[in-house]
Every structure is written in C-alpha cells, then in structure tokens.
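# sequence below, structure please.
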Amino acid sequence: MSADIDRTNPPTSDTVTKAVIPVAGLGTRFLPATKATPKEMLPIVDKPAIQYVVEEAVQSGLHDVLMITGRNKRSIEDHFDRAHELEEALAAKGEEDRLRSVRASNDLAQVHYVRQGEPRGLGHAVLCAEAHVGESPFAVLLGDDLIESADLLCRMIEVRQRHGGSVVALMEVEPEQVSLYGCAAVEPTEEEDVVTVTDLVEKPSPEEAPSRWAIIGRYVCDPAVFPILRHTPPGRGGEIQLTDALLELARAKPEEGGGVHGVLLRGRRYDTGNKADYIRTVVDFAFRRPELAEELLPWLREFVDRQDAVDHG
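You can find the predicted model right below:
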C-alpha cells in the first residue's frame with residue numbers, strides 16, 4: 001500500500017542525535033530464563049547485553065536514547081536508574097571499582113521510555129518513537145545485535161549526512177541463512193563500503209532472495225518513515241515490518257526523504273538472540289578480560305582435550 005509522504009513541514013534538524021532501541025520482545029527463545037527477566041538483561045560476562053548497545057549509541061555521539069518497552073521490562077529501567085541503597089552500601093565498604101561500575105549505567109545517556117502496547121512488529125515499535133523523535137533523522141539499534149565497535153554506526157550517520165535518506169547495515173550471509181533476515185538488492189557506489197539499496201525482501205527463501213546481503217540490527221532512518229509506517233499493512237508474520245517501509249523509501253524521491261543506502265559491515269557482529277551465538281559471545285568477551293582469560297584458557301584447553309578424547313574414544 002502506498003502512502004503520501006508529508007514533507008510540508010521540513011525537518012528542524014538534519015543531525016542524527018537520537019537513538020531508538022526496541023526492547024519489547026518476549027524473548028521466547030530463551031525461556032524459561034526470560035520468564036521473569038528481559039532477554040536484554042541477560043549478562044555478557046558481568047554486564048547486561050542492553051548496556052553494550054547503549055554504550056555503542058553513546059560512542060557514536062547519540063546521548064538521547066529512547067527505549068520502546070513492553071510488559072515485564074521494568075528491570076531495564078531500573079538498570080539505567082540510580083540505585084541509591086546499593087551505592088551507599090558499596091561506598092561504605094570502600095568498594096570504589098564496583099561503585100563506579102554500578103554508576104556507569106545511569107551516567108551513560110539520557111534514557112527515555114515509551115510502552116509498545118502490543119507486539120506488532122519492528123515497524124510498529126519504530127512508529128512508537130515518532131512523538132519523541134519528531135522531524136529529525138534517528139538511529140535504530142536492535143538489542144539482540146552487538147557490534148564490535150561504534151565505527152559502523154558512525155559510518156552510517158556519516159553516509160546519511162552526505163546522501164540523505166535512510167541507511168541500513170548489511171552483512172553477507174550464507175545462502176541457507178537468508179531466510180532469517182531482510183535481504184537487499186544493491187548497486188555499488190564510488191565508496192567501497194557503501195551501496196545503493198534498490199530492493200528489500202523480508203525473510204525470503206534462498207531461491208527468492210535478491211542477494212546474500214542481509215540487514216542487521218542497525219538503521220539510520222529519515223523521519224519520512226513515520227507516515228509510511230502508519231499506512232503499512234501487516235506483512236510477514238502478521239507484523240508491521242520496517243523492511244516494507246524502507247522498500248517504499250528506496251523507491252521514493254530524495255526530496256520526499258527517499259533513497260536508501262547500505263553500509264557493509266567489516267567488523268564482528270554477535271547475535272545474542274541465538275542460544276549458541278549467545279554462549280560464543282560470552283566466551284569471546286570473557287577472553288578480552290586478561291584476568292579472566294588467564295584462568296579460562298587452561299580450563300578451555302583441558303575441556304577441548306577431554307571432548308576430543310570422548311569423541312575419538
């Protein structure tokens with residue numbers, strides 16, 4: 001369904017300053033752990049996954065963060081709020097390092113919250129941010145995806161500032177994995193890591209996929225996406241898909257906020273929404289800590305040797 005894009009009121013600012021992080025999902029893949037604990041609060045070593053995402057936004061210059069929440073997500077709000085009793089107890093014990101780690105989360109950014117009344121898809125979650133974002137471009141970061149550095153999002157913001165429109169992060173995946181993602185048909189540009197997106201398909205079969213370039217959980221959206229999302233009917237899975245709205249923007253004129261570019265991921269991406277990848281993420285991040293790596297590496301080598309002995313026994 002086509003939607004008229006209202007550009008009668010031009011954006012008040014063309015600078016990306018706000019980040020939107022949808023965290024309303026039920027986390028069913030991690031039940032029963034997520035029955036009472038949001039999946040975003042599952043720890044990566046000793047820090048919840050959602051904190052890494054907020055840190056990435058802040059490192060990219062986005063200090064205004066809006067979380068789209070749902071029921072049973074209160075612990076996320078508590079994590080980014082002051083914990084006076086805990087802080088006082090740590091201060092009284094002289095545990096300065098732990099006190100700093102506790103205060104780090106509530107000093108990160110200005111964090112705001114909006115409730116998504118019912119889970120109607122990523123597109124609907126983004127639409128819930130309209131009143132907060134207004135007429136400015138904004139970033140969307142999915143809490144399941146941890147990116148190795150802030151360089152990707154910084155690059156996406158730079159591409160948006162140069163070309164306008166919207167920008168998606170793209171990662172090349174194996175053919176059998178394309179059905180897990182939205183996939184893009186792309187054309188090269190003069191920049192090696194930037195492409196023009198000409199088509200988007202949400203979770204296609206390998207035979208129907210326009211390419212192996214998959215959209216991962218980072219977006220920079222033009223505010224023109226909002227009126228389109230308001231008129232976007234439910235798509236795959238009965239949900240309002242952000243991919244469908246971005247496809248319409250890819251076909252729209254630049255003066256209408258149209259045009260979609262892709263930035264190709266060059267670093268590591270961790271999918272913490274997948275059980276095996278979550279475990280790999282925890283191990284990887286643990287080995288980045290010298291005090292943990294020193295203890296874990298001998299144990300891991302011994303564990304692998306034991307498994308090899310069992311497999312070849």
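
# tell me where the stretch 151-300 of the chain has helices.
Counting by DSSP state H, counting those that start in this stretch, the stretch 151-300 of the chain has helices at residues 151-163, 225-230, 242-250, 275-287, 290-311.

# phi and psi next, for the residue most central in space within the chain.
With distances taken as C-alpha atoms, centre = their mean, the residue of the chain nearest its centroid is L142 (2.1 Å). With angles defined as degrees, to the nearest 10, L142 sits at phi -90, psi 130.

# could you report the pLDDT at it?
On pLDDT, L142 comes in at 94.

# pass me the low-pLDDT residue ranges in the protein, would you?
1-13, 313 (pLDDT under 70).

# picking up where we left off before, which of the helices of the stretch 151-300 of the chain sits most buried?
Per-stretch averages of neighbours, counted by mean count of other C-beta atoms under 10 Å, single out helix 242-250 among the helices of the stretch 151-300 of the chain, with a mean of 24. (Each C-beta comes from the backbone N, C-alpha and C, glycine too.)

# just checking, what packs against that helix?
Applying 3 or more C-beta pairs under 8 Å, 6 or more residues apart in numbering; DSSP states H and E, we find helix 242-250 packed against helix 122-127, strand 166-172, strand 194-202, strand 213-221, helix 225-230, strand 260-264.

# how about these in CSV, adding distance to M41?
Formatted as CSV, these follow (distance: least, C-beta to C-beta, whole Å):
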stretch, distance to M41
helix 122-127, 18
strand 166-172, 24
strand 194-202, 28
strand 213-221, 17
helix 225-230, 28
strand 260-264, 29
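
# on that earlier part again, and the helices of the stretch 151-300 of the chain: which comes nearest A36?
helix 275-287 (18.0 Å; C-beta to C-beta).

# what helices or strands is the closest one leaning on?
strand 43-44, strand 269-271, helix 290-311.

# quick one: contacts for D244?
G123, L200, E202, T232, G235 (C-beta atoms under 8 Å, 6 or more residues apart in numbering).

# ok, of the residues you listed, which one's closest to Q177?
Closest to Q177, out of all of the contacts of D244 and judged by C-beta to C-beta, is E202, at 14.2 Å.

# what's the spacing between that closest one and A209?
Computed as C-beta to C-beta, to the nearest Å, the E202 to A209 distance reads 11 Å.

# what residues are shared contacts of the two?
Common neighbours of E202 and A209 (C-beta under 8 Å, 6+ apart) do not exist.

# which among the contacts of D244 count as buried?
Among the contacts of D244, those scoring as buried are G123, L200, E202, T232, G235 (criterion: 16 or more other C-beta atoms under 10 Å).

# could these go into a markdown table alongside distance to D284?
Output for the buried ones among the contacts of D244, formatted as a markdown table (distance: C-beta to C-beta, whole Å):
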| residue | distance to D284 |
| --- | --- |
| G123 | 31 |
| L200 | 30 |
| E202 | 29 |
| T232 | 37 |
| G235 | 34 |
